[in-house]
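*Asks:* Sequence first, then the predicted structure, then my questions.
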Amino acid sequence: MAASLESLFRARSVALVGATDRSIWSSAAHANFARIGFEGRVHVVNRKGGMVHGLAAATSCAAIGEPVDAALVMVPEAAIPEAFADLRAAGIRNAVMLTSGFAEIGAEGAARQAALLAEARAQGVTLLGPNCLGFINYADRVPIWTTQPPLPVLPGGAIGVVSQSGATAGFIAAFAHRQGMGLSYQISTGNEADVNVAQVVDFLVDDPATRVIGLFLETVHEAGTLAAAARRALAAGKPIVAIKIGASETAARAAAAHTGSLVGDDRVFEAACRQLGMIRVPSIEALVFTAGLLAQGGPIRKRGVGLVSISGGVCEMAADRAEEAGVPVPALAPETVAALRAVLPPFGTPNNPLDVTGGAMLDPALFERSLAPLGTDPSLGLLACFMDVPDTAEEVASYRGTIIRAIGAGFCAAGLPAVLLSVLPRPVTEAGRALLAETGITYFGSGVPEGLAAIGRALAWSARQEAGLAQAAMPPAADARPRTEHATLAYLATQGVPAIPQHLAADAAAAVAAARRIGGPVAIKLASPDIAHKSDIGGVLLNLEGDAAVADGFARIMASLRAARPEARVEGVVVAPMRAGGVELFVGMLRDPLWGPAIAVGLGGVWVEALRDTSLRLLPVTPGEVLEMLAELRGARLLDGYRGSPGIDRPLAAEAVARIGDAALALGPGLAALEVNPLLAGPDGCEALDALAVWEE
């Protein structure tokens with residue numbers, strides 16, 4: 001696929017199949033070759049011949065009579081088999097298909113799409129689409145795109161945009177253009193009958209012109225390919241910034257397991273982003289500003305940010321928004337404070353955020369003198385200054401342009417990565433772009449909240465990129481297939497998971513004997529392969545002590561079973577010691593249809609459903625990744641002790657959770673879900689008290 005995409009995206013000769021002056025799509029596609037500056041050969045194909053778009057039309061691709069790298073197919077669905085046979089006859093191995101009416105319209109269209117893919121495969125054609133607007137390779141000036149892109153082309157674009165929606169790719173490109181940001185690629189994958197987003201991301205990881213990859217996703221095909229590409233991208237220092245829409249709860253495939261309602265499709269994607277170092281964003285604006293910031297500067301190695309404005313109010317607003325965005329705004333070192341005090345007006349206060357005061361209106365060089373000392377502060381790795389860039393040539397020639405030039409000089413003197421952010425959201429005009437080019441300033445018309453949110457994401461990605469990704473090993477397959485709770489606990493114990501000792505008793509006498517061996521209060525639970533949640537039918541009794549209490553408990557459980565589920569198979573009861581204290585954790589594995597096995601960790605017991613406070617990752621996980629998951633919980637404070645209760649040993653708990661994940665993987669693809677609820681954790685370790693495995697039918 002990589003070689004096919006290379007020949008498609010860097011095509012030097014293109015055929016427009018089904019070209020006609022009557023189609024706005026065909027007319028726009030042809031005009032784009034001149035608009036973008038394509039230097040290759042363009043051929044128009046219309047089976048009636050004649051003149052189309054001012055060119056003599058070939059009646060077929062085969063009639064062109066020279067090699068062609070790629071074709072834009074714009075024929076009706078009924079004419080596709082003939083078109084593909086013609087592509088093969090002409091030796092054309094790449095096609096972009098605008099034609100719609102396939103999987104996007106339902107089952108009948110999906111069947112036609114399957115036939116389309118079969119036709120493409122039979123003819124040896126790599127297919128982008130159908131139902132896609134095409135692509136533009138701005139770096140090499142190759143447009144096979146069927147609407148007018150934003151013009152003029154901005155040089156040096158470094159953001160590669162890949163979108164399953166062609167219109168959204170256009171919106172992203174247009175917004176980036178208004179902000180003065182060029183793209184390296186904009187690629188619409190449409191229905192993804194053949195080429196999909198994951199494969200294109202894998203291609204862009206190796207593309208020298210692309211420094212950041214931006215995605216718009218409705219779903220993910222080939223999640224494994226995307227995961228591998230994301231790992232390569234992170235290692236290469238190439239951020240992936242993604243919008244993913246279509247949040248929905250995973251269907252309750254394992255109705256007997258809580259995990260089905262706790263782990264939704266969208267949350268699994270969120271977990272994948274966290275685990276793979278992808279940056280998830282909620283909007284086009286967030287994608288463009290985050291990608292633009294990272295495209296300009298790459299990873300930010302020191303996380304402290306210095307905030308600077310001419311307005312005390314903006315400084316205060318920025319401080320609040322920075323805290324929300326996770327942007328550290330550290331206090332300045334004494335040496336920095338002293339240096340600032342020497343250059344600020346007497347009424348100025350050396351601080352972070354730094355108000356340079358209205359004195360800069362009379363003396364714009366105050367910005368330069370104030371920014372320079374921040375560059376030597378040991379806690380700062382990035383400077384963010386808030387000021388709107390002028391819109392017109394007249395404003396550039398006024399004091400407003402002088403202030404921007406002073407800020408640019410200050411950024412240079414500071415020697416740190418620096419960004420200028422607008423106070424309110426606004427586009428960048430041609431006059432503004434010229435001033436920014438003159439001063440070398442990185443600027444975003446984002447406004448304060450969106451700009452600081454982008455900085456926060458860039459800092460978080462930089463930390464992840466610096467730390468690298470852990471890669472847990474896949475465990476060997478297990479021979480076990482536990483069907484009951486006690487069998488599941490016993491299996492987990494063989495896999496190194498600390499588990500409570502338990503005894504299976506077929507009758508009351510055996511239950512009493514087991515309780516005597518344990519000593520002290522015990523819990524007894526119904527053992528039946530047909531009943532997942534025993535407490536729902538009175539199948540769990542706690543704090544039983546003494547022979548009579550245990551024997552009576554056995555009888556009560558059996559009576560409850562006969563009343564509620566007389567047809568259920570019965571093995572007896574499980575007798576286990578009572579446990580007290582500690583923090584109950586929930587650990588659940590579910591097999592997501594796109595991403596495969598995932599694991600959730602949260603507060604356990606009754607809280608798991610009440611709070612729905614879980615953190616997710618794809619399996620396998622390392623103990624280090626589990627520690628990150630525990631820290632993400634809203635109830636994480638409870639893990640360190642609360643109001644006199646002892647905390648838990650987080651590393652030991654993380655080790656246990658990772659082993660539970662490995663144990664679930666070892667059971668193979670037939671396992672639908674596995675739960676441990678609770679995993680009782682304390683200062684000296686943890687212990688699985690209850691477990692359940694659910695299998696695909």
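*Replies:* Looks like it arrived, so ask away.

*Asks:* State the three-state secondary structure for residue 136.
*Replies:* Using DSSP: H, G, I helix; E, B strand; the rest coil as the criterion, the local structure at residue 136 reads strand.

*Asks:* what sits up against the helix ranked longest in the chain?
*Replies:* Longest helix of the chain, by residue count under DSSP state H: helix 448-467. Counting contacts by C-beta atoms under 8 Å, 6 or more residues apart in numbering, the residues outside helix 448-467 that touch it are 234, 237, 239, 241, 277, 279, 281, 285-286, 289-290, 292-294, 297, 299-301, 303, 305, 314, 317-318, 321-322, 324-328, 382, 384, 386, 419, 421-423, 425, 444, 446. Using the backbone N, CA and C atoms, a C-beta is placed for each residue, glycine as well.

*Asks:* Just the C-alphas of that helix, formatted as PDB.
*Replies:* Taking only C-alpha atoms (Å, rounded to 0.1, in the frame of the first residue of the first chain), the coordinates of helix 448-467 have been written out as PDB:
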ATOM      1  CA  VAL A 448      -7.100  33.400  24.800                       C
ATOM      2  CA  PRO A 449      -9.000  30.200  25.700                       C
ATOM      3  CA  GLU A 450      -8.400  28.300  22.400                       C
ATOM      4  CA  GLY A 451      -4.800  29.400  22.300                       C
ATOM      5  CA  LEU A 452      -4.000  28.200  25.800                       C
ATOM      6  CA  ALA A 453      -5.900  24.900  25.200                       C
ATOM      7  CA  ALA A 454      -3.600  24.300  22.200                       C
ATOM      8  CA  ILE A 455      -0.600  25.000  24.300                       C
ATOM      9  CA  GLY A 456      -1.800  22.600  27.000                       C
ATOM     10  CA  ARG A 457      -2.300  19.800  24.400                       C
ATOM     11  CA  ALA A 458       1.200  20.500  22.900                       C
ATOM     12  CA  LEU A 459       2.800  20.300  26.400                       C
ATOM     13  CA  ALA A 460       1.000  17.100  27.200                       C
ATOM     14  CA  TRP A 461       2.000  15.600  23.800                       C
ATOM     15  CA  SER A 462       5.600  16.700  24.400                       C
ATOM     16  CA  ALA A 463       5.800  15.000  27.700                       C
ATOM     17  CA  ARG A 464       4.400  11.800  26.200                       C
ATOM     18  CA  GLN A 465       6.800  12.000  23.300                       C
ATOM     19  CA  GLU A 466       9.700  12.500  25.600                       C
ATOM     20  CA  ALA A 467       8.700   9.600  27.800                       C
END
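
*Asks:* ok, back up a step: would you write a PyMOL line that selects the buried entries of the contacts of helix 448-467?
*Replies:* Isolation of the buried members of the contacts of helix 448-467 (16 or more other C-beta atoms under 10 Å) is achieved in PyMOL through the command below:
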select buried, resi 234+239+241+277+279+281+285+286+289+290+292+293+294+297+299+300+303+305+314+317+318+321+322+325+327+328+382+384+386+419+421+422+423+425+444+446
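
*Asks:* So which of the contacts of helix 448-467 are in helices?
*Replies:* When the contacts of helix 448-467 are checked against helices using DSSP H, the ones located there are 234, 285-286, 289-290, 292-294, 297, 314, 317-318, 321-322, 324-325.

*Asks:* I'd like to know which helix or strand in this protein has the lowest mean pLDDT.
*Replies:* For the chain, using mean pLDDT, DSSP states H and E, the weakest element among its helices and strands is helix 259-262, scoring a mean of 37.

*Asks:* Where do the strands of the stretch 451-600 of the chain begin and end?
*Replies:* 503-505, 522-527, 540-544, 572-577, 583-592, 596-603 (DSSP state E, counting those that start in this stretch).

*Asks:* Dump these into JSON lines; add mean neighbour count as well.
*Replies:* Putting these into JSON lines (neighbours: other C-beta atoms under 10 Å) gives the following:
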{"stretch": "strand 503-505", "mean neighbour count": "19"}
{"stretch": "strand 522-527", "mean neighbour count": "24"}
{"stretch": "strand 540-544", "mean neighbour count": "17"}
{"stretch": "strand 572-577", "mean neighbour count": "24"}
{"stretch": "strand 583-592", "mean neighbour count": "26"}
{"stretch": "strand 596-603", "mean neighbour count": "24"}
